[in-house]
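Trainee: I need the structure of the sequence given here:
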Amino acid sequence: MKKWFAVLCSLPLLAAAQDKGIQFTHASSWEEVMQQAQKEKKMIFVDAFTTWCGPCKYLSKEVFTQDKVGKYFNEHFVSVKLQLDTTDKDDDYVKQWYPYASKVMNGLQVNVFPTLLFFDANGQPVHRFSGAGNADGLLADAANALNPDQQFYTLQKRYSSGDRDVELLRNFSNAALKAYKPEAAEKAFTDYMQATGSQVTPENAQLVYFMANKPSDLAFELMAADPKAFDKALGKTGAANERIGTVLYESFLQNMMIRNSDNGATEQVAALKTKYPAAVAYADARARVNYAMNTNNWPAFTKAASDFVKKYGPKVSPEEKNNLAWAFFEHVSDTKQLNEALAWSKASLVANDPNFMDTYANLLHKLGRTPEAVQVETKAMGLASDKESFKTTIEKMKKGQKTW
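Mentor: Reported below is the predicted structural model:
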């Protein structure tokens, strides 16, 4: 609960219906699902999930249960939960769906979870997207399943047949991106930009933003060529530099992890620093911090993190300050370093997030400031939706027990 993670996990129908939200069918076979869809004149929605996927659980618990989500999906779709992994705890009902689950995972190449699939009433795939966002985002993406001009598989078929209509190219790029099909998205996006003279406009700026995932991407080059012009097209000041920094950081960290060295991105840094000096320096420093953390090199981490926040403090987000502070709480015992982390944690409280407050309280407790810690943790518990873990932490603090 101390960190927030990405909403994708890379590589059964459940018998119980929900009291509210999406009503998932109890059908015992795909044929029965299609019969129901044909009878009710609806499309079919399949929540393709795994038991180990955290974002899948988030969708099921926090999003699918919302009234407005249930109203929309129950009106337009026959909904199915399909478990794509297998466990020793699977009951007979889940097991009877194993063959179809395997067919879906292999036939439709589902390797990112959650993946949300949409079929016509005859069982033919028409649309898909991946990830776990909020209810409004889910509803917007689900609406695309009803629109042939936005459906991933419909657009893919047209593109494969040679259709290069400009609107199709833009829509297919976007649909492929959301379907987590990066190669298809990049190919269609390149065709689209060539067809439109490689101009960034208010109509395509958001697509360009999300297509920029590597320094070598066309979208990255378009954005970096004139950040101010891009910001104007997108309508958001600072958006281009923010994305440039994120892309560089992720690329540097990936190279460090692949080469198992905090100097693993040295060549790439050298090649790019003349073009983006400030962004490269920041991204390299940030990548070194997270490489040390990912490899459990805590002496290197504490030094890198301390240097990073001292130099770039105002640019470091509350979320990242919280994550760094929590890592210090878990792995550092030096009082001076813990007080440094406490300052980062305090700065993160501007977000008024109970999880960030929990980090601050735990650091106070580790530093021996337990009465203050209990006070902060109690306040955090009041803001949290799930209060049990906060309650347990408070009890430990009051008993003088370690929380680390």
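
Trainee: Give me the helix or strand of the chain that scores worst on average pLDDT.
Mentor: Lowest mean confidence among the helices and strands of the chain (mean pLDDT, DSSP states H and E): strand 9-10, at a mean of 54.

Trainee: Now the element after it, going C-ward?
Mentor: Taking DSSP states H and E as the definition, the helix or strand that follows strand 9-10 towards the C-terminus is helix 30-40.

Trainee: How about that next one, which residues are buried there?
Mentor: Neighbour-count burial for helix 30-40 flags 30, 33-34, 36-37 (criterion: 16 or more other Cβ atoms under 10 Å). All C-beta atoms are positioned from the backbone trio N, CA, C, and that covers glycine.

Trainee: If we ignore the residues flanking it in sequence, what's nearest residue 215?
Mentor: For residue 215, ignoring the flanking residues on the chain, the nearest one in space by Cβ to Cβ, 6 or more residues apart in numbering is residue 251 at 5.7 Å.

Trainee: buried residues in the lengthiest helix in the chain?
Mentor: Taking DSSP state H as the criterion, the chain has its longest helix at helix 239-259. Buried residues in helix 239-259, defined by neighbour count with 16+ other Cβ under 10 Å: 239-245, 247-257.

Trainee: next one: the helix or strand following that helix to chain centre, how far?
Mentor: Proceeding N to C from helix 239-259, the next assigned helix or strand is helix 266-272, under DSSP H and E. Counting by Cα atoms, centre = their mean, to the nearest Å, helix 266-272 is centred 28 Å from the centre of its parent chain.

Trainee: Next: stretch 170-187.
Mentor: Centroid separation between stretch 170-187 and its chain, computed with Cα atoms, centre = their mean, is 17 Å.

Trainee: What mean pLDDT does the helix or strand where residue 224 lies get?
Mentor: Residue 224 is part of helix 218-225, with elements assigned from DSSP H and E. With pLDDT averaged residue by residue, helix 218-225 scores 95.

Trainee: which element follows that helix toward the C-terminus?
Mentor: Tracing the chain C-terminally past helix 218-225 and defining elements by DSSP H and E, one meets helix 227-234 next.

Trainee: For that next one, buried residues please.
Mentor: By neighbour count, and taking 16+ other Cβ under 10 Å as the criterion, the buried residues in helix 227-234 are 227, 230-234.

Trainee: residues making contact with the strand or helix carrying residue 362?
Mentor: When elements are assigned from DSSP H and E, residue 362 belongs to helix 354-366. Counting by Cβ atoms under 8 Å, 6 or more residues apart in numbering, helix 354-366 makes contact with 1-2, 4, 318-319, 322, 325-326, 328-329, 338, 341-342, 345-346, 348-349, 370, 372-374, 376-377, 379-381, 383-384, 390, 393, 397, 403-404, all of which sit outside it.

Trainee: Next, the buried residues of the very next helix or strand once past it.
Mentor: Per DSSP H and E, the first helix or strand lying C-terminal to helix 354-366 is helix 370-383. Of the residues in helix 370-383, those scored as buried under the neighbour-count criterion (16+ other Cβ under 10 Å) are 373-374, 376-378, 380-381.

Trainee: same deal with stretch 47-59?
Mentor: Using 16+ other Cβ under 10 Å as the test for burial, stretch 47-59 gives 47-50, 53, 55-59.

Trainee: Just the terminal-to-terminal distance for that stretch.
Mentor: Between the opening and closing residues of stretch 47-59 lies a distance of 10 Å (Cα to Cα, to the nearest Å).

Trainee: Could you tell me the angle between the helix holding residue 362 and helix 370-383?
Mentor: 170 degrees (axes from the mean of the first three to the mean of the last three Cα atoms, to 10 degrees).

Trainee: ok now helix 354-366, how far from the chain's centre?
Mentor: Average the C-alpha atoms of helix 354-366, do the same for its chain, and the two points are 25 Å apart (Cα atoms, centre = their mean).

Trainee: same question for it, mean pLDDT?
Mentor: Mean per-residue pLDDT for helix 354-366: 98.

Trainee: And the residue lying farthest from the centre of the chain, its phi and psi?
Mentor: Most distant from the centre of the chain: residue 399, at 37.7 Å, with distances by Cα atoms, centre = their mean. Backbone geometry at residue 399, expressed as degrees, to the nearest 10, gives phi -90, psi 0.

Trainee: So it versus residue 33, what's the distance?
Mentor: Applying Cβ to Cβ, to the nearest Å, one obtains 53 Å for the distance of residue 399 from residue 33.

Trainee: Repeat that for residue 133.
Mentor: Between residue 133 and residue 33 the distance is 25 Å, computed by Cβ to Cβ.

Trainee: one step back: any chance of the buried residues of helix 30-40 in JSON lines with pLDDT and distance to residue 71 as columns?
Mentor: Below are the buried residues of helix 30-40 laid out as JSON lines (pLDDT from 0 to 100; distance: Cβ to Cβ, whole Å):
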{"residue": "30", "pLDDT": "98", "distance to residue 71": "25"}
{"residue": "33", "pLDDT": "98", "distance to residue 71": "21"}
{"residue": "34", "pLDDT": "98", "distance to residue 71": "23"}
{"residue": "36", "pLDDT": "98", "distance to residue 71": "19"}
{"residue": "37", "pLDDT": "98", "distance to residue 71": "18"}
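
Trainee: which among the residues you listed gets closest to residue 165?
Mentor: Proximity of those to residue 165 (Cβ to Cβ) peaks at residue 37, which lies at 30.1 Å.

Trainee: what's the nearest residue to the closest one if we skip its chain neighbours?
Mentor: residue 121 (4.0 Å).

Trainee: that's a helix at that neighbour, yeah?
Mentor: No - in this structure, residue 121 is coil, not part of a helix, as judged by DSSP: H, G, I helix; E, B strand; the rest coil.
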